[in-house]
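**Student:** Predicted model and sequence below, questions to follow.
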Amino acid sequence: MALGAFSGLTIALMGQDRIYLKIIESSGNGSERENATKVLRLLNKGKHWLFVTLLLSNVITNETLPIVLDRPLSGGWPAILSSTVLIGILITIVIFGEIAPQSICVRYGLPIGAWMSPFVLALMWIMAPVAWPTAKLLDILLGEDHETTYKKAGLKMLVTLHKTIGTSPDERPNQDEVTIISAALDLKDKPVRNLITPMNHVFTMSADTVLDEKMMETILSAGYSRIPIYAPEIARKFVGMLLVKNFALATLPESRPETSCLDLVKFFREGKSHLVLVSDYPGEPYGALGVVTLEDAVEELIGE
């Protein structure tokens, strides 16, 4: 029984990932949170310390078994007659001491590990004179951190896989959510030049344009809420933008084409402007490449 317990606990506890347990501790239901907290408390003591403790306990149990069986099965006819019994005992040990406990703990590792955590913690302190120094040596040689982490590409694939596997359909992310998450993960690496509306497609006005009735009608029919305004003498020297809502001239912010889309989204979140002029030489009367609107950034964020 002890052999099966240590064998199963090794699988139940060492198979747990701290990142996964932290997720369960934060977002799981009541019993899952409690179980994750108990197992995390053990793992935080030191994963190598826990591993060495369980391994030593398993070895001690394995080495004790032959000593226990030696006397009743040693010597003469009793030993010969008992050979069949011995084979049966060995088969029983393999099934109930290895296969069954490990199979159960693979399936129910978290609740079993949490339920046995007080016993395992006590055992860790009992074995500490041998287990703790050995664990520290392993920490030095192999490192303490064995947590699973993902790069951006791995996170995107993880989210995509969860669309079709795992929990019930109501709890799985749908295609729109997967698209938005994937686009958000890529946003930092996308430059603003990917969102530019070229200047030859941008509705602009000269600073000396007379806002008569005909021009007002043209502006309103164009359907734009913000219109870049350029200096009369230089068509690529922009001095501001016209807010169509109240026909007031506002400052036109500028950005370089290599600026990260994520930085642009952060700027738009500040609410200072919904339009940015993209230029190779911000602040200079030349180099304007195009404009990027808040709508462009949102479309990129949601993957459209």
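**Tutor:** Thanks, I have the structure now.
**Student:** Tell me the gap between stretch 272-290 and the middle of its chain.
**Tutor:** Taking CA atoms, centre = their mean, to the nearest Å, one finds stretch 272-290 lying 36 Å from the centre of the chain it belongs to.
**Student:** go on, stretch 192-202?
**Tutor:** Centre-to-centre, stretch 192-202 and its host chain are 33 Å apart (CA atoms, centre = their mean).
**Student:** mean confidence for that stretch?
**Tutor:** Computed over stretch 192-202, the mean pLDDT rounds to 87.
**Student:** Tabulate the CA atom coordinates of that stretch in PDB.
**Tutor:** Provided in PDB are the C-alpha atoms of stretch 192-202 (Å, rounded to 0.1, in the frame of the first residue of the first chain):
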ATOM      1  CA  VAL A 192       2.300  51.800 -38.300                       C
ATOM      2  CA  ARG A 193       3.200  51.800 -42.000                       C
ATOM      3  CA  ASN A 194       0.900  48.700 -42.300                       C
ATOM      4  CA  LEU A 195      -2.100  50.800 -41.400                       C
ATOM      5  CA  ILE A 196      -1.400  53.900 -43.500                       C
ATOM      6  CA  THR A 197      -3.900  55.400 -45.800                       C
ATOM      7  CA  PRO A 198      -1.700  57.000 -48.600                       C
ATOM      8  CA  MET A 199      -1.800  60.700 -49.000                       C
ATOM      9  CA  ASN A 200      -3.200  60.500 -52.500                       C
ATOM     10  CA  HIS A 201      -6.300  58.900 -50.900                       C
ATOM     11  CA  VAL A 202      -6.600  61.300 -48.000                       C
END
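**Student:** what comes up buried for that stretch?
**Tutor:** 192, 193, 195, 196, 199, 202 (16 or more other CB atoms under 10 Å). All C-beta spots, glycine's among them, are computed from the backbone N, C-alpha and C.
**Student:** In CSV, list those residues along with secondary structure and distance to residue 123.
**Tutor:** Listed next are the buried residues of stretch 192-202 as CSV, based on DSSP: H, G, I helix; E, B strand; the rest coil; distance: CB to CB, whole Å:
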residue, secondary structure, distance to residue 123
192, helix, 58
193, helix, 61
195, helix, 59
196, coil, 64
199, helix, 73
202, coil, 72
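**Student:** Quickly name whichever of the residues you listed is closest to residue 104.
**Tutor:** Residue 104 has its nearest neighbour among the buried residues of stretch 192-202 in residue 195, at 54.3 Å by CB to CB.
**Student:** Find the least confident helix or strand in this structure, judged by mean pLDDT.
**Tutor:** In the chain, the helix or strand scored least confidently by mean pLDDT, DSSP states H and E is helix 76-81, which has a mean of 48.
**Student:** rewinding a little: which of the buried residues of stretch 192-202 sits closest to residue 149?
**Tutor:** Using CB to CB, these come closest to residue 149 at residue 192, 29.3 Å.
**Student:** Can you add distance to residue 19 and give the buried residues of stretch 192-202 back as a markdown table?
**Tutor:** Converted to a markdown table, these look like this (distance: CB to CB, whole Å):
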| residue | distance to residue 19 |
| --- | --- |
| 192 | 33 |
| 193 | 36 |
| 195 | 34 |
| 196 | 39 |
| 199 | 47 |
| 202 | 46 |
